[in-house]
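Participant: Structure of the sequence below:
(chains A and B)
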Amino acid sequence: MNFYTIFIRRARTIFYLMLALGGLGVFLAMGFFFVALRDLPQVPEPLSRIIETPPTEIFAATGERVMVIGGREAIPLSRVSPHFIQAVLAIEDHRFWGHHGVDKLRTLKALWVTLFKPGKVEGASTITQQLAKNLFFTYQRTYMRKFRELLVALQIEARYDKGEILEAYLNQITFGVAAHGIEQAAQSFFGKSAAALTLAESSLLAGLPKSPTRYNPYLHFERAKKRQRVVLSRMAAVGYIAPDAAEAAMHARLDFQPQSAGTRTGSYFLDVVLRDLETRYGPEIVYHGGLKVMTTLDPQLQAWAVESIQNGLVKLDESMGITSGHDEDNAADINHPQAALVALEANSGAIKAMVGGRDYSETEYNRAVQSNRLPGSGFKPFLYYAALEKLGVTPSTVMVDRKIKIPVAGASDWEPRNFGGTYAGPMILKQAIMNSVNSVAAQLVERCGPDAVIDVARRCGIKSPLASVYSVALGTSGVSPLEMAAAFATFATGGIRHEPFWIRRLEDPLGRILEEQIVSGKRSLDAGLAYQIVDMLRGVLDQGTGSIIRRLGFDLPAAGKTGTSDDYHDAWFTGFTPTLCVSVWVGFDRGAGMRDTLGRGITGARGAAPIWARFMILATDGEPAREFVIPADILMEKVDPKTGLPAKDWTPDPMAVAIREGQSPAGF
Amino acid sequence: MTDWMNPQNFSEWFRRLLALRPILAVLLISGVTILELRFDWIERALGAYLVTTNAERPESGAIWEKGRQSLNARKTLEQIVTDRQASQREARNATSFKQIAANVASNQGVMLSSDHFRKLYLNLPREIAREILSPFELLRLASDGLWRRTYFKKAGEGLTVYLLDANNRVLKQLNIFPDLLPRLGHEEVASDGVLEDLPNFENRIYAAKHFFDALQTFPEEVRRTMVPHPESLLELPGQITRVGISDETGAGFIELGFEIVNASQHRLIVVQGQEWAVWRLRSLLEENRSGVEITPDAAGDRTSQ
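Facilitator: Just a heads-up that it's a prediction; the model follows:
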């Protein structure tokens, strides 16, 4: 057998083998086709039907639309900037106008890379295939899914013209959390219509669908710019633009909308609204029902709340020696203190602003409602009310600030200490709450019992579990900032409790009312006693532990209470004017307490009160001074803060106290 | 002879390769491939075939699922709105608090205008109306111009009524306790006494037989406007002996008093008939009136015969 014979035989064998393999391939492909055909989804007609779902819209109290869920703002292709169309085609599928659903050359190349270059996988999906995948398939990576996607793409190409396909694609791609479709994206990122997008804007947006989170320009601007460069290079490479035009676009200024997808107005607040709606109506109605939700949110107050929190935390970071760490890769590793703020309308319970953390894009955990933290002395107003009500004491009743030891049945004695470790001797109750004296508070709770304190807290709207122990009066049971704000509002309204709420009205897509909030209050506290607490808490701001509020420049009539838990884990300030009640909490999510670089603890007055003050200064700017309504049975008397007796001309530093008619400034 | 399957040398193999059939086969395969690359006919053929089978294929996949969810959501919302509108409609047509109470569902209240509430209030017997809300308080609320709407909701077995301003703030909250609810329908207010005890009835008191004979002459639908809920009269034990028609009218209604005797105990129940209908009835009764004064005893004698 000579060389030729061997060669010919081998060539023949290879030929027949290839023929057999080819035949087998055709046979398998046919089998695959008929198997795939069985569960192949029906394609809707017309294709525009894919964007018919009405969006659920959430509105602020001002009427401003603050969130849109689902739905698509579909626009015809003629209303999309040609720059954007070219950018998308260049980066996604530059042979779009020529192929019939599948780009064979690109597919072969991708197949070659995937099979013969280990560790590399190259995609070759055309725009039609991407549309098919987005409409019908999951992101599960299987050959069958890919094949079905291909078949649907072929059907779409056979049924619709290229313009219709491109239009459907552009109206459904996702650019980020809040932007679906090019019109919404153009509005969200640049505040303009899709028709008005420039080359620079178009190239940036066209790069986002590959990974909207990774390339979110608000969070990762540099990454987004790198992606933009890739898009512009592709546009130049395929001949849509000249290289110098690409370079110019790369350096063109991008004017982003101030409200980004990552930091939409009131994200924490909106989460609360959505969770509430989901609980009552179910996710299907919330996300697919096209609801119109009119909320209580005040966007301006919300912006000031965010600003106050961020400003306060930056200062806190500085005093604690924590680096700002805005390096994208390391930011998550640095343990920053967090903060929460809730502002509600005192005489209705409507929540006007809510911030649940330092930065929603970093953590969606809402500390304003989900986190129960120890309020410390911030809980004392409930104790003092219980004492006024149950023990018949008055704000001028004299107690002795001294070291005390309270026996506890079945446990070791309770020995609460004052914050500074010193004791001031006799003082009236108003002075005691102003200076947040623990020993006096302990004596009061020993006499009236923890259950009386818990009862008052419950009447004011505190719903979290409260342990029936003496120390509950000093805030050793966790509560949320929302609870604290709502509970303190009961004092602000003279004892009328309003349930906090965030939805004013709910409508269906046709504007028919599904529910509306009835703003009703319930008398929970006696008006006279509530005013006595208000007057004592005014003292906290004017001369007591919260006097930093006045030093920071907030001078309207207001009342409030600081709170600090053991080892400075939590710093609180909850306070109110006659119309607005605000609670601020600051602390680490877990771990150590807060101390400055000198080792001094961060108290409510140092950590939370400055945030409260800044917010209130902004929120009440230009408002007239409104006094708290004094009930008819209340008289203001000046007394000696040490003896509680009516002040004489020669009494040093007399203190005004609210006394009810018939009461006399009496000792205890 | 050389086996055709097994050419022995290269020239033989080459000669066979360049024969007509292989060349035609190669041309055919190349043609098919080039045509596919040029005209995408396989994709077109498959696509066209799939278009023909589209209608028979399942509505599956993300977009259809979304469509179904949207449809379900719309249906559920429609049901909620329909229920709400139905109870609102019934409430708007209600002529008494009792009808409102019957229509308020435990999970959904009803909203009425302030004017409608005033009409319902005026339809109540005075003593019940006073029990619910002092007319002076109502006057105060009406005069300060803030009261816009009224919201009724179930509160346990009773009813809570909120008088609201334009921002849905509660101006006044009324609690209608369960024991009061059965007395809200005007026709069911039963109390001890005779018709002469009520000054507005003393001029027009008729024997029950006389009254019902006259009533009988009217068609059923007119009788219903004169005595809206005759069933409630049947619920009380005893016998109706006399019927009085009030001299006073209010909000389009006239009161009718029914005196019932049960084991020598006289009781009164007051209902409201529509003014225009009661006027017709009264005219008929007056035409046929004998002129003899009908006393409780006389009526009792007559009915006992």
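Participant: For the residue of the stretch 351-500 of chain A found nearest chain B, which residues count as its bridge partners?
Facilitator: In the stretch 351-500 of chain A, no residue comes nearer to chain B than A:His498, which is 9.9 Å away by Cβ to the nearest Cβ. All C-beta spots, glycine's among them, are computed from the backbone N, C-alpha and C. For A:His498, the beta-bridge partners are A:Gly521 (DSSP bridges).
Participant: which ones are touching it?
Facilitator: A:Ala346, A:Asn347, A:Ser348, A:Gly349, A:Ala486, A:Ala489, A:Thr490, A:Val519, A:Ser520, A:Gly521, A:Lys522 (Cβ atoms under 8 Å, 6 or more residues apart in numbering or on different chains).
Participant: what about residue 102, how many neighbours?
Facilitator: Chain wasn't specified; assuming chain A. Look at A:Val102: counted by other Cβ atoms under 10 Å in any protein chain shown, it has 19 neighbours.
Participant: that's the other chain; I wanted chain B
Facilitator: 14.
Participant: Scan chain A for its longest helix.
Facilitator: Identified as the longest helix of chain A according to DSSP state H is helix A:3-38.
Participant: hmm, back to that, mind putting the contacts of A:His498 into JSON lines with pLDDT?
Facilitator: Formatted as JSON lines, the contacts of A:His498 follow (pLDDT from 0 to 100):
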{"residue": "A:Ala346", "pLDDT": "96"}
{"residue": "A:Asn347", "pLDDT": "93"}
{"residue": "A:Ser348", "pLDDT": "95"}
{"residue": "A:Gly349", "pLDDT": "96"}
{"residue": "A:Ala486", "pLDDT": "97"}
{"residue": "A:Ala489", "pLDDT": "97"}
{"residue": "A:Thr490", "pLDDT": "97"}
{"residue": "A:Val519", "pLDDT": "93"}
{"residue": "A:Ser520", "pLDDT": "90"}
{"residue": "A:Gly521", "pLDDT": "91"}
{"residue": "A:Lys522", "pLDDT": "91"}
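Participant: out of those residues, which are inside strands?
Facilitator: Residues from the contacts of A:His498 lying in strands, with DSSP state E as the criterion: A:Gly521, A:Lys522.
Participant: tell me which of the contacts of A:His498 is nearest to A:Ser193?
Facilitator: Taking Cβ to Cβ as the measure, A:Ser193 lies nearest A:Ser348 of the contacts of A:His498, at 38.5 Å.
Participant: How about that closest one, nearest residue that isn't a chain neighbour?
Facilitator: A:Val519 (4.7 Å; Cβ to Cβ, 6 or more residues apart in numbering or on different chains).
Participant: Most neighbours among the contacts of A:His498, please name it.
Facilitator: Neighbour max across the contacts of A:His498 (other Cβ under 10 Å) = A:Thr490, 31 neighbours.
Participant: ok, now which ones touch that one?
Facilitator: A:Arg459, A:Cys460, A:Gly461, A:Ile496, A:Arg497, A:His498, A:Ser524, A:Leu525, A:Ala530.
Participant: Report whether the helix or strand containing B:Gln85 contacts chain A.
Facilitator: Assigned by DSSP states H and E, B:Gln85 belongs to helix B:62-93. Yes. Against chain A, helix B:62-93 shows contacts by Cβ under 8 Å from any Cβ of the partner chain at B:62-64, B:66-67, B:69-70, B:72-74, B:76-78, B:80-81, B:84-85.
Participant: In ChimeraX, how would I select the buried members of those?
Facilitator: In ChimeraX, this line selects whichever of these come out buried by 16 or more other Cβ atoms under 10 Å in any protein chain shown:
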select /B:63,64,66,67,69,70,73,74,77,80,81,84
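Participant: tell me the domain boundaries of the chain?
Facilitator: You didn't say which chain, so I picked chain A. A:1-38, A:72-251, A:376-477+A:632-668 (automatic domain parsing).
Participant: Can you look at chain B instead?
Facilitator: If you go by automatic domain parsing, chain B breaks into B:10-54, B:96-182, B:185-304.
Participant: With only the CA atoms kept, save stretch A:446-460 in CSV.
Facilitator: Extracted in CSV, the C-alpha atoms of stretch A:446-460 (Å, rounded to 0.1, in the frame of the first residue of the first chain):
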residue,chain,number,x,y,z
GLU,A,446,-39.6,53.4,92.7
ARG,A,447,-42.6,55.2,94.0
CYS,A,448,-44.9,55.0,91.0
GLY,A,449,-43.7,51.6,89.7
PRO,A,450,-42.5,50.7,86.2
ASP,A,451,-45.9,49.6,85.0
ALA,A,452,-47.2,53.2,85.4
VAL,A,453,-44.4,54.4,83.2
ILE,A,454,-45.1,51.7,80.6
ASP,A,455,-48.8,52.6,80.7
VAL,A,456,-48.0,56.3,79.9
ALA,A,457,-45.6,55.2,77.1
ARG,A,458,-48.3,52.9,75.6
ARG,A,459,-50.9,55.7,75.8
CYS,A,460,-48.4,57.9,73.9
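Participant: I'd like the mean pLDDT over that stretch, please.
Facilitator: What stretch A:446-460 shows for mean pLDDT is 96.
Participant: sorry, back to before: which residues does the residue nearest to A:Ser348 contact?
Facilitator: A:Ser348, A:Gly349, A:Ala350, A:His498, B:Asn167, B:Asn168, B:Arg169, B:Val170.
Participant: could you redo the last one with a cut-off of 6 Å?
Facilitator: Each residue near A:Val519 by Cβ atoms under 6 Å, 6 or more residues apart in numbering or on different chains is listed here: A:Ser348, B:Asn168, B:Arg169.
Participant: Could you do A:Ala441 as well?
Facilitator: Per Cβ under 6 Å, 6+ apart, neighbours of A:Ala441: A:Lys380, A:Leu383, A:Ala473.
Participant: Kindly report the same for A:His100.
Facilitator: Contacts of A:His100 (Cβ under 6 Å, 6+ apart): A:Glu157, B:Asp40, B:Glu43.
Participant: got any ranges where the chain has weak pLDDT?
Facilitator: No chain was given, so I picked chain A. A:1-2, A:48-52, A:121, A:177-178, A:259-266, A:324-334, A:591, A:665-668 (pLDDT under 70).
Participant: Correction: the question concerned chain B.
Facilitator: For chain B (pLDDT under 70), the answer is B:1-8, B:127, B:182-190, B:231-232, B:250-251, B:288-305.
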